[in-house]
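A.B. asks: Sequence below, structure please.
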Amino acid sequence: MLDRIRPYLPTAALAFLIVYFGFHAFTGDRGLLMSGQRDEALAAKTAELSRLHLERLDLETRARLLRDNSLSADLLEERARSLLGYSDPRDYVIRVQR
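C.D. replies: This next block holds a predicted model:
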């Protein structure tokens, strides 16, 4: 019985490998059926990257204004008040929760 099946074993093994890799090509983590989720994740990460880029530009601008050669008095006063928790007696303080 084994002698009759032996010539077909390489063909069966090759067919099994083709089915196995074909199945995972469609349903795997990087398969064809997951392309929609990959596109959504890419769009979300692109939006996050642009938000972080704008935040970084804002922080770089604020840091540039705090340097010795171009010190902004208004920004320095704002930072000192927020870090120390002080305010001018003539100021209106409105507390918001984050």
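A.B. asks: drop to CA atoms for contacts and neighbour counts, all remaining ones
C.D. replies: Will do.
A.B. asks: Go ahead and measure how far the worst-scoring helix or strand of the chain on mean pLDDT is from the middle of the chain.
C.D. replies: Least confident helix or strand, the chain: helix 73-84 with a mean of 79, by mean pLDDT, DSSP states H and E. With CA atoms, centre = their mean, to the nearest Å as the basis, the distance from the averaged C-alpha position of helix 73-84 to the chain average is 32 Å.
A.B. asks: same check, this time on stretch 65-84
C.D. replies: Taking CA atoms, centre = their mean, one finds stretch 65-84 lying 31 Å from the centre of the chain it belongs to.
A.B. asks: okay, how far is it across it, tip to tip?
C.D. replies: Taking CA to CA, to the nearest Å as the measure, stretch 65-84 stretches 19 Å from start to finish.
A.B. asks: residues of that stretch that come out buried?
C.D. replies: If you call a residue buried by 16 or more other CA atoms under 10 Å, then stretch 65-84 has these buried ones: 65-66.
A.B. asks: how much space is there between residue 65 and residue 32?
C.D. replies: For residue 65, the distance to residue 32 (CA to CA) stands at 50 Å.
A.B. asks: next one: residue 58
C.D. replies: As for residue 58, its distance to residue 32 is 40 Å (criterion: CA to CA).
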